[in-house]
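fold the following.
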Amino acid sequence: MDVVVRKSEVEGVVTPPPSKSYTHRVFLAASLSKKCRIYNPLIAEDTLATLHACKLLGSRFVRRFRIFEFWGCSLKKTKAKYFYLANSGTTLRFLIGLTSQIYDRKYSVLDGDTSLRNRPNRELVLALKSLGARIRGDESSKPPLFVRGVAGGGEVKIKAISSQFISSLLFTLPNATGDSTIFVEGMKSKPYVDITLHVLRKAKVRVEVDGNNYYIQGEQDFKLRKFEVPSDFSSASYLIAAGLLAGKLKIKNMFDSMQGDKQIIEIAKQMGGKIKWDKEEGIITVEKSELKGIDIDASNIPDLVPAISVMASVAKGKTRIHNAEHLKLKEIDRIDGIYQNLKAVGVEVKKMDDGLIIKGGKIKGGVVNSFGDHRMALAFSLLGLVAEREVMVKNAEVVSVSFPNYYETIIEIGGVVEKL
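Below is the predicted model of the structure:
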């Protein structure tokens, strides 16, 4: 599906979807607990991949509207299976770890679509192999991967090329037969690890943290009882950008949480945006603003870069986004994807090894591509709201990965969107 977005003003009240990062983690924690109730999880393609994996691991669940009731599983009693994980990199990384705890002579197979088959996992695989897991795959450990247990406790050093590698180990090693220590080199996207630790604490799993080192007792039981998933600040970033570019919005249910992507509010303020956050009421108000270019360190906020790039494209002056080299390891090389799409609509942009320099100006319009990446479609569709000509987004249906009703939401607040 393609969509066309035409110049229009937006106004109204919106509520972003629940957090994708939290939903992945609480689904898995619930599956490892005896009995648990999850309120308001995100139901989208990526989280459905995790939910399917939970079922294959042996957990049972019942859905009642926005509530999921889980009855958990024991990894020691689980049998090796074929896990098709669609396009979900998070599910893949967590399952690489968890399947290394399955006591079965057969190998579990972890596979996915074409995009997932291009996601490298070498550092995580090396770490688990050093603890005793048997894992087969190509040199960079892209799917399909063949995983057999059992990874025991011990000391492991890992380069944090992706925070998901660290989160996978943090979920895996409490199940191991011995105690473990994780020494992390070059931490990136630490707020996502903080989300993992938050969920583990709620599940009564003990992890001692000393800087970038983690000490984990083995043979712990997960005891998550209930969890309400907060709204997603990553998804809210596109609504904030829409308001800054083209109107006035009130964004509801945005209470404070561990999500690092709440930094979008401070970044918008630094760029001159008219934005306020009432944390007690959970309401963000944002309106059309004259933005200015700034310098942005993206080391901990990779998922905000697409929305920030769109904001920068209309800002006065230059915006420099740096320390974002880990964006090359997402669904696509996001640095290159952003570069190509900005060029396509007439924005002056320079690509660097670790980011981008964007000079703001008028948006001419044109054809942009999601490249199969939901964040590309979410962000670059917004340029149609302010472009001189319409903006067509190719392969726009990919928003279903994290924000299934996105285009309907933009239409409801006044955006002119046509699905083709």
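
just give the nearest non-adjacent residue to Val13, would you?
Nearest non-adjacent residue to Val13, counting by CB to CB, 6 or more residues apart in numbering: Lys250, 4.6 Å away. For glycine as for every other residue, the C-beta is placed from the backbone atoms N, C-alpha and C.

run through who's touching the helix or strand hosting the one you found.
In the assignment (DSSP states H and E), Lys250 maps to strand 247-251. Applying CB atoms under 8 Å, 6 or more residues apart in numbering, the external contacts of strand 247-251 come out as 9-16, 236, 239-240, 242-243, 283-288, 413-414.

could I have the buried ones of those residues as ChimeraX selection syntax?
A single ChimeraX command selects the buried members of the contacts of strand 247-251 (16 or more other CB atoms under 10 Å):
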select :10,14,16,236,239,240,242,243,283,284,286,287,288,413,414
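
quick one: the helix or strand where Ala236 lies to strand 247-251, angle?
Taking DSSP H and E as the criterion, Ala236 maps to helix 233-246. Per axes from the mean of the first three to the mean of the last three CA atoms, to 10 degrees, the angle that helix 233-246 makes with strand 247-251 is 160 degrees.

average pLDDT for helix 233-246, rounded please.
Taken as a whole, helix 233-246 has a mean pLDDT of 98.

what are the boundaries of the strands in the stretch 151-300 of the chain?
Counting by DSSP state E, counting those that start in this stretch, the stretch 151-300 of the chain has strands at residues 154-159, 180-185, 207-210, 213-216, 226-228, 247-251, 274-278, 283-287, 295-297.

among those, which is nearest Asp2?
Closest approach to Asp2 among the strands of the stretch 151-300 of the chain is made by strand 247-251 (24.0 Å; CB to CB).

CA atoms only for that closest one, dumped as CSV, please.
Provided in CSV are the C-alpha atoms of strand 247-251 (Å, rounded to 0.1, in the frame of the first residue of the first chain):
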residue,chain,number,x,y,z
GLY,A,247,-1.2,22.7,13.9
LYS,A,248,-2.1,22.3,17.5
LEU,A,249,-2.5,19.0,19.4
LYS,A,250,-3.3,17.6,22.8
ILE,A,251,-1.7,14.2,23.4
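
outline the domain layout of the chain.
Domains of the chain are assigned by automatic domain parsing as 3-17+232-419, 20-213.

as CSV, these with distance to Arg225 would be great.
Below are the domains of the chain laid out as CSV (distance: least, CB to CB, whole Å):
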stretch, distance to Arg225
domain 3-17+232-419, 19
domain 20-213, 6
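
and of the ones you listed, who's closest to Leu224?
Relative to Leu224, the nearest member of those by CB to CB is domain 20-213, separated by 4.0 Å.

off-centre distance for the closest one?
14 Å (CA atoms, centre = their mean, to the nearest Å).

repeat that for stretch 346-359.
Worked out by CA atoms, centre = their mean, stretch 346-359 lies 23 Å from the chain centre.

helices and strands of this structure: which one has the lowest mean pLDDT?
Using mean pLDDT, DSSP states H and E, strand 154-159 stands out as the lowest-scoring helix or strand of the chain, at a mean of 94.

against which helices or strands is it packed?
Judged by 3 or more CB pairs under 8 Å, 6 or more residues apart in numbering; DSSP states H and E, strand 154-159 is in contact with helix 122-130, helix 163-172, strand 180-185.

looking at the ones you listed, which is closest to Asp113?
helix 163-172 (17.5 Å).

quick one: mean pLDDT for that closest one?
Across helix 163-172, pLDDT averages out at 97.

please apply the same query to stretch 292-310.
pLDDT averaged over stretch 292-310 gives 97.

show me what counts as buried in it.
292-294, 296, 298-310.

again with stretch 400-419
By neighbour count on 16+ other CB under 10 Å, the buried set for stretch 400-419 is 400-404, 406-407, 409-411, 413-417.

count of neighbours near Gly186?
By other CB atoms under 10 Å, the residues close to Gly186 number 11.

ok, the one 3 residues further on next?
The number of residues packed near Ser189 is 21, by other CB under 10 Å.

helices along the chain, start to end?
When secondary structure is read from DSSP state H, the chain shows helices at 20-31, 45-57, 89-98, 122-130, 163-172, 190-202, 233-246, 263-270, 305-313, 334-344, 374-380, 406-412.
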